[in-house]
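Q: Please find the sequence and the predicted model below.
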Amino acid sequence: MTKILLVEDDRDIITNLTEFLSSEGFSVKHAAGQKDALRLMEEEQFQLVLLDVSLSDGNGFSVCSAIKAEYRVPVIFLTASDDEFSTVTGFELGADDYIAKPFRPRELVSRIRNILRLTGNAGTTVRLGDVIVDTVKGTAQKHGKDLYLSALEYRLLLMFLNHRGAVLTRTQLLENIWDIAGEFVNDNTLTVYIKRLREKIEDDPQNPVIIKTVRGLGYRVD
């Protein structure tokens, strides 16, 4: 799974962007300032950095310089819409792209995937039993054959992938599918989609071993 480091000190942006990027198949960690960002870069391996210019300590320019000097990781700057100086400076320091605030999340995801392709950092595939999910291409295969998941089936599968080991309630699933799909999804519809997803990924949908029902609570993928 593609790991992204979000360097940002606005709590609302951190929460909303982390949730959205997770729903798109990315793994996200965040740092509020320069010190934490560089520490995480040393401790873990990231495929891309989303970097705000203004931080709680230090600044985005210093972080970008340090990252580009030590790591082969693409950087996308998050800048104020009218901040031409930051945009130009960011590119001069080696930033791979920038996106102006406020931005549309889907546009950001498109930019991220484009940069990952251009830099050769397009993420890894994720295995779930016999199912292999390509989070960049947005596809799922079983035994080498495409499962042809619908958009909502795929989003639902990503939800489970991003919360392995945790029990997801029907309410949590409904809220996330509603946010992503932008269309009405009720409890009965959720039941139908889970049934369809199981029919595609399980060897025996009547006795699922991937998406397990936790009676009285919800569902869990181990």
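A: Thanks, I have it. Numbers count the residues shown, from 1 in each chain.

Q: who touches the residue nearest to the spatial centre of the chain in this structure?
A: The chain has residue 26 as the residue nearest its centroid, 2.4 Å off, counting by Cα atoms, centre = their mean. By Cβ atoms under 8 Å, 6 or more residues apart in numbering, the contact list for residue 26 reads 1, 2, 3, 4, 112, 123, 135. All C-beta spots, glycine's among them, are computed from the backbone N, C-alpha and C.

Q: out of the residues you listed, what pair is the most spread apart?
A: Using Cβ to Cβ, the pair of these lying farthest apart is 1 and 112, separated by 13.3 Å.

Q: which one of those two has more residues nearby?
A: Neighbours were counted for residue 1 and for residue 112 using other Cβ atoms under 10 Å; residue 112 has more, 24 against 17.

Q: Mind pulling the model confidence for the more buried one?
A: You'll see residue 112 listed with a pLDDT of 91.

Q: Leaving out the residues flanking it, which one is nearest to it?
A: Closest residue to residue 112 apart from its sequence neighbours, by Cβ to Cβ, 6 or more residues apart in numbering: residue 48 at 6.2 Å.

Q: quick one, strands of this protein?
A: 3-7, 27-31, 48-52, 75-80, 97-101, 125-128, 131-134, 139-142, 145-146, 167-168, 212-214, 218-220 (DSSP state E).

Q: What sits closest to residue 114 if chain neighbours are left out?
A: Nearest residue to residue 114 in three dimensions, chain neighbours excluded: residue 97, at 7.8 Å (Cβ to Cβ, 6+ apart).

Q: wait, what's in contact with that neighbour?
A: Contact partners of residue 97, counting by Cβ under 8 Å, 6+ apart, are 74, 76, 77, 111, 114, 115.

Q: Mind listing the residues bridging to it?
A: For residue 97, the beta-bridge partners are residue 76 (DSSP bridges).

Q: how close does it sit to residue 1?
A: Per Cβ to Cβ, to the nearest Å, residue 97 is found 21 Å from residue 1.

Q: Okay, now the unreliable bits of the protein?
A: For the chain, the stretches with pLDDT under 70 are 81-83, 120-125, 136, 178-185.
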